[in-house]
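> I'll drop the sequence and a predicted model, then ask my questions.
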Amino acid sequence: EKWKLVPAFLKIKGLVKEHIDSFNYFINVEIKKIVKANEKITSDADPVFY
């Protein structure tokens, strides 16, 4: 029966491991890409502002 496997699965995988791994990947990799892609910021009001 599949319900007997649930405790073993949770012991190995945990309940939120995939979410934590995804969040860590976003923080460690994706945010760096976002910042690098948007590193130049300009102002229409004051062009010398940076």
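Ah, there it is. Fair warning: this is a prediction, and the values are worked out from it, not measured in the lab. Numbering: from 1, shown residues only.

> ok, and the helix or strand in this structure with the lowest average confidence?
helix 6-13 (a mean of 84; mean pLDDT, DSSP states H and E).

> Tell me how far that one lies from the chain's centre.
Chain-centre distance of helix 6-13: 24 Å, with Cα atoms, centre = their mean, to the nearest Å.

> what's downstream of it, the next helix or strand?
Next along the chain after helix 6-13, taking DSSP states H and E as the criterion, comes helix 17-25.

> What pLDDT is listed against the residue in the chain sticking out farthest from the centre?
Here the chain reaches farthest from its C-alpha mean at E1, the gap being 35.4 Å by Cα atoms, centre = their mean. Looking at E1, its pLDDT is 74.

> for V29, same thing?
For V29, the model assigns a pLDDT of 97.

> Can you tell me the number of residues neighbouring it?
Using other Cβ atoms under 10 Å, V29 has 10 other residues around it. C-betas here are computed from N, CA, C, even on glycine.

> For it, list the residues it contacts.
Listed by Cβ atoms under 8 Å, 6 or more residues apart in numbering, V29 has no contact partners.

> Now do the residue farthest from the centre of the chain against K13, distance only.
Remark: distance between E1 and K13 (Cβ to Cβ, to the nearest Å) = 19 Å.

> same check, this time on T42
46 Å.

> before we move on, what about K40?
Counting by Cβ to Cβ, the gap from K40 to K13 is 42 Å.

> can you check H19 too?
Distance from H19 to K13, by Cβ to Cβ: 11 Å.

> What of Y25?
17 Å.

> any idea which element I41 lies in?
With DSSP H and E as criterion, I41 is part of no helix or strand.

> What pLDDT is listed against it?
Looking at I41, the pLDDT reads 74.

> repeat for S22
For S22, the model assigns a pLDDT of 95.
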